[in-house]
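Student: With the sequence up front, the predicted model follows.
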Amino acid sequence: MHGHFEDDRRVDRRHQSDRVAMRLSLAEAVDLGECPPRLHRWVPASLFIRLVQRLDEIHPAIALYRDATATEAWVRCTPAEAERLADLLGHAVGLAEAPLPTDGASDGPFWQDTACPSWCEGGHLPEDAYEDRLHSGGLHSGGLPSGGRTLIDLLLETAAEGIPEQLEVTVAQHYRSTTARVHVIKSEQAELRLTPAEARTLAAHLLKLVRAAGLPVETTWPWNPIEGMTVGGDPAFPCPHRHPWCSGHNKTEITEYRQLGSHLLHSGPITSIPITTSSSPGSIDISINSLTDRAQPLAYLQLLGGDGGAELDATAIDQTIAALQFTKKFLLEAQPGS
């Protein structure tokens, strides 16, 4: 879903899927800076996931990016590693969502009023700072999948001092919190903190991309310009997302979409309704519009010659139809002799 051209730069000579975006509620917002002037300097932190296969690679990799400004992946993993990560996340969610103990702490420090969860490795001290009063532990309890290993060696990452880059999944919970969180830690340094719901969602996205990585290669989709079609005055190419209703995109739109923070607007005509405006003929053009990160396409109404339009979802279309039917009934009843 990336688009290819004969004059692509070497870095762009790759197969690349559409990205999956997740908002991260436990991460610091991303500072985009003051220049150039922006409507919003701070944007919510996100995790982006996509399949990427470079020109010289036999199999695709699953790449995770920490935010839309990233140029390099935070983690690149094989489908097998991604599947393993999804298993560990599912196990961590089970631990994080387990009911908390209600019995008192028999030998805990003065600030601990209930016993530790079953997965907590203990080690609490009376002098622990407030922010360090955490229940934390690995995933060794509760029937860990795949032989009990909690570390994932990342074969596609560069080893440091002979030690491979690794991912580890752990669970942590502040003693005054009602909910645990799931940590994905890269080589004991950079970490990703997730709510249980976010961890479950990430696992589902990873498994979906793992399945997609095993699909047969599509070799029949054309990448030559569509004969007689233009977009913005430039030749139109087939939609890289393969939407049958999309009129296509010009080369600039497709190449700009390769950047992580960019969007691709799909649009396709449905019908044109003749109208009259100020005694001049015109039309209301109805099309289907959809952004790459939007779940559902919307109908778009454009007044020919106007300076704007309106997007309608399914409910708004029903309301518009009902309003037009009511108006038609009113007009018929208001005719002389009715």
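Tutor: Perfect, I can see it now.
Student: which residue packs closest to V30, ignoring adjacent ones?
Tutor: D67 (4.7 Å; Cβ to Cβ, 6 or more residues apart in numbering). Placement of C-beta: from N, CA and C, glycine included.
Student: For that neighbour, give me its contacts.
Tutor: Applying Cβ atoms under 8 Å, 6 or more residues apart in numbering, we find D67 in contact with 30, 45-46, 48.
Student: Let me have these in CSV, extended by distance to E218 and neighbour count.
Tutor: What follows is these, written out as CSV (distance: Cβ to Cβ, whole Å; neighbours: other Cβ atoms under 10 Å):
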residue, distance to E218, neighbour count
V30, 34, 18
A45, 33, 18
S46, 28, 20
F48, 23, 19
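Student: So, low pLDDT: which residues of the stretch 101-250 of the chain?
Tutor: 140-149, 219-222 (pLDDT under 70).
Student: at 80 instead, please
Tutor: 104-107, 138-150, 160-162, 189-190, 215-223 (pLDDT under 80).
Student: out of the contacts of D67, who's nearest R13?
Tutor: F48 (20.7 Å; Cβ to Cβ).
Student: which one is the closest one nearest to, not counting chain neighbours?
Tutor: Here the residue nearest F48, using Cβ to Cβ, 6+ apart, is Y65, at 4.2 Å.
Student: give me every residue that touches that neighbour.
Tutor: With Cβ under 8 Å, 6+ apart, Y65 has these contacts: 47-50, 73-74, 260.
Student: Which of these fall in strands?
Tutor: Within these, residues falling in strands by DSSP state E are 47-50.
Student: which of the residues you listed sit farthest apart?
Tutor: The distance between the two most remote of the ones in strands among the contacts of Y65 (Cβ to Cβ) is 11.0 Å, for L47 and R50.
Student: surely I275 meets L301?
Tutor: No - I275 is beyond contact range of L301, at 11.3 Å (criterion: Cβ atoms under 8 Å).
Student: Now do the shared contacts for those two.
Tutor: I284.
Student: show me where the protein has helices.
Tutor: Per DSSP state H, the chain carries helices over the ranges 79-96, 196-213, 251-257, 314-334.
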